[in-house]
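[1] quick one, fold the following:
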Amino acid sequence: MFPLIAAVQPLFLGAVLVWAATNKLFSRHAGTSARRSALTSLVGERRVVPAYRLLGGVELTLGALLVLPPALRVEAVAATALCVGFLGYLGYARTVAPESSCGCLSAHRTPVGWRGFVRAGLLVLAGLAAVGATGGWLSALVDRPAAAGAVLLVEAAAVVVLSAELDPVWLLPLRRFRAALTHPLRGGSGVPLLFAVQQLQQSAAYRRVAHLLSSDVLEHWDDEGWRMVGYAARYQGRTATAVFAVPLRTYQPDAVRVAVVDERTGVTLLSADGSVADTPAVAER
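    Next up, the predicted model:
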């Protein structure tokens, strides 16, 4: 099975590199993406756009070489080195400019997170597999089209899922579809969700964290006389979830409580009584 997987990796890597290059070379937002990225800290404001486009040119050239026959090992080695460089760049961005955007596959602004590191690691592994390939991707697709297509489909899906900048393309529509199926305006208790939303919007807890929220209601559930209502949020550069506890059957805005929780670690960053865990007392988006 490994020879088949290795054989299709040049096609997979080449397609990802060409995709990334298209964003850098042909997007009308390329200049904005470049200035938002950590390249600004690395090469300076004046040189960041040319550097960004130069990187796109390298990606486009190498991606085209990988996709077009013949399959040369030196191309796979160069692609692996480039992916290792991406991994190092993400580490630099996370350390030096944590608020910067990745600027990798889309103009959508997304700070560097764990998904970016996993994606880069996947590309490095794909490059190493391509170095060991003994046949071309075209032969693999002709000889075993179902298996080769399945490998490519799984890898492409992994790249999409691991790309936070692509969430508006697939994750938000998925959430809307789930909302359409589950009818979130009515909870399992029969009490409309709107009753809870009206309460929390009148509460001091909501006013405290409203500037941190970045979505409408994403989920809700009932627990022992309370309705828990969750929103996406950002707290000092971290992706978080704001969970409000709202009285289920009585109208008591003063009783509403909220906790802002780091999505990655589960640490409570801010609570309704003003206590803050491992962050400064002033909340900044």
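[2] how about low-confidence regions in the protein?
    The model of the chain has pLDDT under 70 over residues 179-190, 273-285.
[3] list the contacts of the spatially most central residue of it.
    Central residue check for the chain by C-alpha atoms, centre = their mean: the C-alpha nearest the mean position is that of Ala164, 1.3 Å away. When contacts are counted by C-beta atoms under 8 Å, 6 or more residues apart in numbering, Ala164 is found next to 102, 110, 113, 115-116. Yep, even glycine has a C-beta here, placed from its N, CA and C like the rest.
[4] next, the residue in the chain sticking out farthest from the centre: phi, psi?
    Ranking residues of the chain by C-alpha distance from their mean position (C-alpha atoms, centre = their mean) puts Thr250 at the top, at 38.6 Å. Dihedral pair for Thr250: phi -120, psi 150, per degrees, to the nearest 10.
[5] then Asp222?
    Asp222 has phi and psi values of phi -110, psi 140 when expressed as degrees, to the nearest 10.
[6] could you find the closest non-adjacent residue to the residue nearest to the centre of the chain?
    Thr110 (4.2 Å; C-beta to C-beta, 6 or more residues apart in numbering).
[7] which ones are touching the one you found?
    When the contact criterion is C-beta under 8 Å, 6+ apart, the partners of Thr110 are 101-102, 164-165, 167.
[8] for the stretch 101-250 of the chain, which segments count as helices?
    Ranges of helices within the stretch 101-250 of the chain are 114-131, 137-143, 145-161, 167-182, 193-201, 204-209, based on DSSP state H, counting those that start in this stretch.
[9] just checking, Pro168 touches His108?
    Yes - Pro168 is within contact range of His108, at 6.1 Å (criterion: C-beta atoms under 8 Å).
[10] comparing those two, which residue is more hemmed in?
    When neighbours are counted by other C-beta atoms under 10 Å, His108 comes out ahead of the other of Pro168 and His108, with 18 against 12.
[11] how much space between the more buried one and Val169?
    Separation of His108 from Val169 (C-beta to C-beta, to the nearest Å): 9 Å.
[12] hang on, the earlier thing: which of the helices of the stretch 101-250 of the chain sits most buried?
    With neighbours defined by mean count of other C-beta atoms under 10 Å, none of these is more surrounded on average than helix 114-131, at a mean of 20.
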